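Would you be able to build a 3D model of this:
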Amino acid sequence: MRILYQFPLSHFCEKARWMLDYKELDYVAQNLTPGVHRAFARLKTGQNRLPILKDQTTFIADSTQIALYLDAHYPEHRLLPVDPHLRQSVLDINEMTLEMGRHIRRWILSQAFHDDQESMDILIGEKGYLRQFERFSKPLLKAVMTKGYALNEASVAESKHFIDESIEHLNQLYVQQGSQYFVGQRFSLADIAVCSMLAPLLSIQGTPWEKEHFEMLSEEFRSYQQALLEKPLGQYVLKMYQTERSARVDWRGV
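As a prediction, this is how the structure comes out:
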């Protein structure tokens, strides 16, 4: 049995869900509690971040390592090209998105916490102890995440600047590529990495960040979203979600 240990709102976990779905592999998305997850992650993988994939008795941490593992053990619907040059290009773009993803996570959380009710409801889930004691769990979770992700004015501004530069760079790369995909002429890990990292900025239907859940976000967020949608990069992300994202498991998890 495969289990993906996740946070529903994490775009790194969305990346792992997409890879598993693309491979057409059966799995269960198992939610862990932010902060509390560290002990489990450290015990199973020696590090404290999600996503973590359990495949039978093997635990694999980190979305990139999960991609490499999946291609090695389930080669159908490859995530990385066989050609060495194209493979390295895919890995380079994937690596580029990782730091951008961390900054997007910080900025999007700072925006989402403007509306405690919407964001906290998704974080604590629909059932379980966190929902049962939500009067206490919501402020506790917010405090843990504010500290853990350094959601202060200076760090959030730094993240916003990094996102701006990354989007411009990726937009130029995509235009120069002149293809519907980021590397070569077929869908790959590069496309999953770029799209899943940028998805929280675009309120895409069927994702944790769709308008239904984030309709109360700030005017700053709405303006930024519109600016991204006007770029070829933003249109590409929407198209990839429409044509290549066939979700087999509910992102809400269990």
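
Now Y27: phi and psi?
Main-chain torsions, Y27, degrees, to the nearest 10: phi -160, psi 170.

which regions of the stretch 151-254 of the chain sit below the pLDDT cut-off?
The stretch 151-254 of the chain contains residues with pLDDT under 70 at 151, 211-217.

Could you rerun that using 90?
151-157, 203, 205-206, 208-222, 254 (pLDDT under 90).

any residues touching the helix or strand hosting V237, and which ones?
Using DSSP states H and E, V237 sits in helix 232-243. Contact with helix 232-243 is made by 167, 170-171, 174-175, 180, 187, 191, 194-195, 198-199, 202, 204, 206-207, 228-229, as judged by CB atoms under 8 Å, 6 or more residues apart in numbering. Any C-beta I mention is one placed from the backbone N, CA and C, and that applies to glycine too.

residue ranges for the helices of this protein, please.
Using DSSP state H, the helices of the chain run over 11-22, 37-45, 63-73, 84-112, 116-124, 129-132, 134-148, 153-177, 189-198, 211-214, 219-229, 232-243.

Need the winner for burial among the ones you listed.
Compared across the helices of the chain, helix 189-198 shows the largest average neighbour count, a mean of 27 (mean count of other CB atoms under 10 Å).

what's the angle from that one to helix 11-22?
Helix 189-198 runs at 140 degrees relative to helix 11-22, counting by axes from the mean of the first three to the mean of the last three CA atoms, to 10 degrees.

tilt between helix 189-198 and helix 84-112?
Counting by the same axes, to 10 degrees, helix 189-198 lies at 10 degrees to helix 84-112.

chain center to helix 189-198: distance?
Offset of helix 189-198 from its chain centre (CA atoms, centre = their mean, to the nearest Å): 8 Å.

what helices or strands is it leaning on?
Packing contacts for helix 189-198, counted by 3 or more CB pairs under 8 Å, 6 or more residues apart in numbering; DSSP states H and E, involve helix 11-22, helix 84-112, helix 232-243.

can you do 10 Å?
helix 11-22, helix 63-73, helix 84-112, helix 153-177, helix 232-243 (3 or more CB pairs under 10 Å, 6 or more residues apart in numbering; DSSP states H and E).

Can I get those in JSON lines including distance to R222?
Below are the helices and strands packed on helix 189-198 laid out as JSON lines (distance: least, CB to CB, whole Å):
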{"stretch": "helix 11-22", "distance to R222": "19"}
{"stretch": "helix 63-73", "distance to R222": "28"}
{"stretch": "helix 84-112", "distance to R222": "10"}
{"stretch": "helix 153-177", "distance to R222": "15"}
{"stretch": "helix 232-243", "distance to R222": "14"}
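
Out of those helices, which gets nearest to V254?
Between V254 and the helices and strands packed on helix 189-198, the tightest spacing by CB to CB is seen for helix 11-22, at 13.2 Å.

from the chain's centre, how far out does the closest one sit?
7 Å.

mean confidence score for it?
Averaged across helix 11-22, pLDDT comes to 97.

now that helix against helix 232-243, angle please.
Counting by the same axes, to 10 degrees, helix 11-22 lies at 40 degrees to helix 232-243.

Next, the angle from helix 11-22 to helix 63-73.
Using the same axes, to 10 degrees: helix 11-22 against helix 63-73 is 10 degrees.

Which strands or helices does helix 11-22 pack on?
By 3+ CB pairs under 10 Å, 6+ apart, helix 11-22 packs against strand 2-6, strand 28-31, strand 52-55, helix 63-73, helix 84-112, helix 189-198.

Those: lowest mean pLDDT?
For these, mean pLDDT drops lowest on helix 84-112, to a mean of 92.

So which elements touch it?
Helix 84-112 sits against helix 11-22, helix 63-73, helix 116-124, helix 134-148, helix 153-177, helix 189-198, helix 211-214, helix 219-229, with contacts defined as 3+ CB pairs under 10 Å, 6+ apart.

residues in contact with the nearest residue to I108 once chain neighbours are set aside?
Distances taken as CB to CB, 6 or more residues apart in numbering place P200 nearest to I108, at 4.6 Å, with adjacent residues excluded. Going by CB atoms under 10 Å, 6 or more residues apart in numbering, P200 touches 9-11, 14, 101, 104-105, 107-109, 111-112, 207-209, 214, 221, 225.
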